[in-house]
Each structure stands twice: as structure tokens, then as C-alpha cells.
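Novice: Sequence first, then the predicted structure, then my questions.
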Amino acid sequence: MLRALTKNDVLMCVGSNGPVNKMDVSLSVTGLAQYFRGRVFSADQVGIPKPAPDLYLYCAEQLNCIPQKCLVVEDSPRGAMAGVAQG
């Protein structure tokens, strides 16, 4: 799926409550880093963790996207709440 999205120029990023260095390691180990280079963002950068929507709003801003046009894929209820709250 990530390969197809990349091929079709779909903008993607990672937004996590965890620190960027931890995400970088996880993405590298799993072979996913190639899809998100330079687009890995942490709640540390916005000062408030999910479920507040701030991180997703920041992600949308960094990608120059309208938040209401973004799709959030999450692995936790708190993260899903943040995705809904961001619009």
C-alpha cells in the first residue's frame, strides 16, 4: 500500500507521541523509513500529546495540506480521537 501511495504522489507522514529518534529506529528496522524521510513528527514538537489534535494539525501544516482533506491511520483509541478532533 505504501509503495502504491508513494507511486501516486500521495503525501504521507508519521505523527507519534513518541520521540522522533525512537520512530526513526522503528521505521528503519521495519523497512518503512524510505516512505517517510523528513516527514516524521512528534508530539514533543507541538508540546501536547494525542488525543489533542495539535500534532495532526502540525503534520498537515508541514505537508501544506488542509486538515479536513487528510486521512489518519492509527493504532490506538487516543490517536483516533486526535484524528477525529483535527477535522
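Specialist: Looks like it came in fine.

Novice: Every contact and neighbour count from this point should use C-alpha atoms.
Specialist: OK.

Novice: any idea which element residue 58 lies in?
Specialist: helix 54-62 (DSSP states H and E).

Novice: what's the spacing between the helix or strand following that helix and its chain's center?
Specialist: Following helix 54-62 in sequence order, the next helix or strand is helix 77-85 (DSSP H and E). Relative to the centre of its chain, helix 77-85 is centred 12 Å away, using Cα atoms, centre = their mean, to the nearest Å.

Novice: which residues are in contact with helix 77-85?
Specialist: 50-53, 56, 72-74 (Cα atoms under 8 Å, 6 or more residues apart in numbering).

Novice: Among those, find the lowest-pLDDT one for me.
Specialist: Lowest pLDDT within these is found at residue 74 (87).

Novice: residue contacts, that residue?
Specialist: residue 80 are the contacts of residue 74 under Cα under 8 Å, 6+ apart.

Novice: From residue 67, how far out is residue 22?
Specialist: 25 Å (Cα to Cα, to the nearest Å).

Novice: Give me the contact list for the host helix or strand of residue 3.
Specialist: Assigned by DSSP H and E, residue 3 belongs to helix 2-7. By Cα under 8 Å, 6+ apart, the residues outside helix 2-7 that reach it are 11, 35.

Novice: Report the buried residues of the longest helix along the chain.
Specialist: Identified as the longest helix of the chain according to DSSP state H is helix 20-30. Using 16 or more other Cα atoms under 10 Å as the test for burial, helix 20-30 gives 20, 23-24, 27.

Novice: Switch those over to a markdown table; also include pLDDT.
Specialist: Shown next, in a markdown table, are the buried residues of helix 20-30 (pLDDT from 0 to 100):
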| residue | pLDDT |
| --- | --- |
| 20 | 96 |
| 23 | 97 |
| 24 | 97 |
| 27 | 98 |
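
Novice: what's the closest of those to residue 34?
Specialist: Nearest to residue 34 out of these is residue 27 (Cα to Cα; 8.3 Å).

Novice: picking that back up, please tell me which one of the contacts of helix 77-85 counts the most neighbours.
Specialist: For these, the largest number of neighbours (other Cα atoms under 10 Å) sits with residue 56, at 30 neighbours.

Novice: That residue: what's it in contact with?
Specialist: 15, 67, 82-83, 86 are the contacts of residue 56 under Cα under 8 Å, 6+ apart.
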